[in-house]
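[1] Okay, sequence plus prediction incoming.
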Amino acid sequence: MNILLLKQISILSLIAGAALGVVTIIPFIGGIAFLFLMMCIGAALIIYLKKMTLVGFLELKDGALYGGIAGFVSFLGFAAVYFPLASIIGLIFKNSQYSLVTFSVGSGFFVVLLLQASSDDNTYCPTEDALQPGAFCQEIPFSLQ
């Protein structure tokens with residue numbers, strides 16, 4: 001595994017994700033830019049690297065790994081640019097399509113998701129009586145971890 005190549009892929013995909021985050025704000029081409037981000041950014045980055053001869057022959061495992069890293073990092077860059085811009089637009093124009101983003105960020109919806117995902121307790125107690133010591137709680141058969 002080439003560490004220098006991973007750094008190059010991460011930086012290029014972060015820049016591409018941030019650029020697509022800015023483009024997605026534009027109403028008519030935003031959906032197309034978002035679909036391109038979700039479906040093609042990893043493959044487009046690998047093709048660009050091969051065209052510039054920064055990467056040689058890739059095995060299937062390496063190509064999938066590099067494409068997955070590129071897709072993940074580009075989506076992080078997209079989210080870091082899109083959510084603040086959409087929140088600002090939602091605050092300025094109250095009845096726009098970005099009002100839902102402003103509501104979601106402002107209400108702490110993402111914080112609740114992160115807390116739920118990081119929870120170590122995988123039991124569910126349906127009533128307040130079940131919270132007493134020694135009470136029976138159902139165990140959830142799956143976990144988000």
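    Sure thing, it's come through. For clarity, every value in this text was computed on a predicted model and none was experimentally measured.

[2] Show the average pLDDT along stretch 89-99.
    Averaged across stretch 89-99, the pLDDT comes to 72.

[3] nope, stretch 44-60 is what I meant
    Here the average pLDDT along stretch 44-60 is 84.

[4] Then stretch 17-36?
    For stretch 17-36, the per-residue pLDDT averages 86.

[5] Return the set of buried residues in that stretch.
    Neighbour counts using 16 or more other CB atoms under 10 Å place 17-21, 23-25, 30, 33-34, 36 of stretch 17-36 among the buried residues. Quick note: C-beta positions are derived from backbone N, CA and C, even for glycine.

[6] Same question for stretch 66-73.
    66-67, 69-71, 73.

[7] Which of those fall in strands?
    Secondary structure from DSSP state E places none of the buried residues of stretch 66-73 in strands.

[8] now the helices for this structure?
    3-24, 30-51, 60-92, 99-106, 109-117 (DSSP state H).

[9] nearest to D62, of the buried residues of stretch 17-36?
    Top of the list for closeness to D62, among the buried residues of stretch 17-36 and by CB to CB, is G17 at 21.3 Å.

[10] these two touch, right, the closest one and F72?
    No - at 9.5 Å, G17 does not count as touching F72 under the criterion of CB atoms under 8 Å.

[11] Spit out the contact partners of the closest residue to F36 other than its chain neighbours.
    By the measure of CB to CB, 6 or more residues apart in numbering, the closest residue to F36 outside its immediate chain neighbours is L20, 6.9 Å from it. Contact analysis of L20 by CB atoms under 8 Å, 6 or more residues apart in numbering lists 33-34, 36-37, 41, 74, 78.

[12] one more time with 10 Å, if that's ok
    30, 33-34, 36-38, 41, 74-75, 77-78, 81-82 (CB atoms under 10 Å, 6 or more residues apart in numbering).

[13] Just give me the closest of those residues to L12.
    When the contacts of L20 are compared against L12 (criterion: CB to CB), the nearest one is S74, at 8.7 Å.

[14] right, and that closest one touches F34 too?
    No - S74 is beyond contact range of F34, at 11.6 Å (criterion: CB atoms under 10 Å).

[15] shared neighbours of these two, anything?
    Joint contacts of S74 and F34 (CB under 10 Å, 6+ apart) are 20-21.
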